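# Structure, please.
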Amino acid sequence: GWVRAAAPLVSRLARLRAVHDLGGEVFSQLAAAALLRRLDEVRTARVRALRERHDHLCAELRLQLPSWSFEPARGGQTIWVRIPSGDVDAFSQVALRHGVAVPPGRSFDPLGGHADHMRLHFLFPAEELSRAVTNLAAAWASYDGAGRTASRHTLIV
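Just a heads-up that it's a prediction; the model follows:
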């Protein structure tokens, strides 16, 4: 495994591991060592890919869901998106039926706020991001903001 922590804690864990562990898997250690030698190259390529995917997702959202609002990410791998009505807990169920799982903002707020927000990540390739936004737009078209899907049929009793 990997640990990112303050130096004193890492030092303590390393001592404990030396006493209680006979060693890690060699293949993983060799892969990590090879990647570390190419860290700058790998980092540059990853940042470029994430920037392109971020920009693509933002463009798709602006095109297909212009009533939604968001700020481009300043870091990380997600953007926070606000829907203009309803709550994302209800909308996420509609989106799921359209093939897209979106995490509601309440999941990330310890006080339960951000009911009108969702986090969308931009880790997938552009084609998948486009398909996801198209499916979100279809879900939004069938969502009425009160947590129900719009019905095309009138029920007569």
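# Now do the strands in this protein.
Under the criterion DSSP state E, the chain contains strands at 69-70, 78-82, 117-121.
# and D21, which of the ones you listed is closest to it?
strand 117-121 (34.0 Å; CB to CB). Using the backbone N, CA and C atoms, a C-beta is placed for each residue, glycine as well.
# who does that closest one touch, helix- and strand-wise?
strand 78-82, helix 88-97 (3 or more CB pairs under 8 Å, 6 or more residues apart in numbering; DSSP states H and E).
# so who does the most centrally placed residue in the chain touch?
Geometric centre of the chain, nearest residue: H121, 2.8 Å, by CA atoms, centre = their mean. By CB atoms under 8 Å, 6 or more residues apart in numbering, H121 lies in contact with Q77, T78.
# For it, report the pLDDT, please.
At H121, the model reports a pLDDT of 95.
# that older thread, deepest in the core, which of the strands of the chain is it.
strand 117-121 (a mean of 21; mean count of other CB atoms under 10 Å).
# Would you mind getting the angle between that one and helix 88-97?
Comparing the axes of strand 117-121 and helix 88-97 via axes from the mean of the first three to the mean of the last three CA atoms, to 10 degrees yields an angle of 40 degrees.
# What are the buried residues along the top helix by length along the chain?
Looking across the chain with DSSP state H, the single longest helix is helix 39-64. Across helix 39-64, burial judged by 16 or more other CB atoms under 10 Å covers L50, R53, H54, H56, L57, C58, E60, L61, Q64.
# Please apply the same query to stretch 97-116.
Those would be H98, V100, V102, P104, G105, R106, H114, A115, D116, for stretch 97-116 by 16+ other CB under 10 Å.
# and what of stretch 74-92?
T78, I79, V81, I83, G86, D87, V88, A90, F91, S92.
# Correct me if wrong: the first one contacts R119.
Which is T78. Yes. Using CB atoms under 8 Å, T78 is in contact with R119, at 4.6 Å.
# rewinding a little: closest to A138 out of the buried residues of stretch 74-92?
F91 (12.2 Å).
# that older thread, turn the strands of the chain into TSV, including distance to V42.
Formatted as TSV, the strands of the chain follow (distance: least, CB to CB, whole Å):
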stretch	distance to V42
strand 69-70	29
strand 78-82	21
strand 117-121	20
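# Which stretch among those approaches V10 most closely?
strand 78-82 (27.9 Å).
# That's all I had, so thanks and see you.
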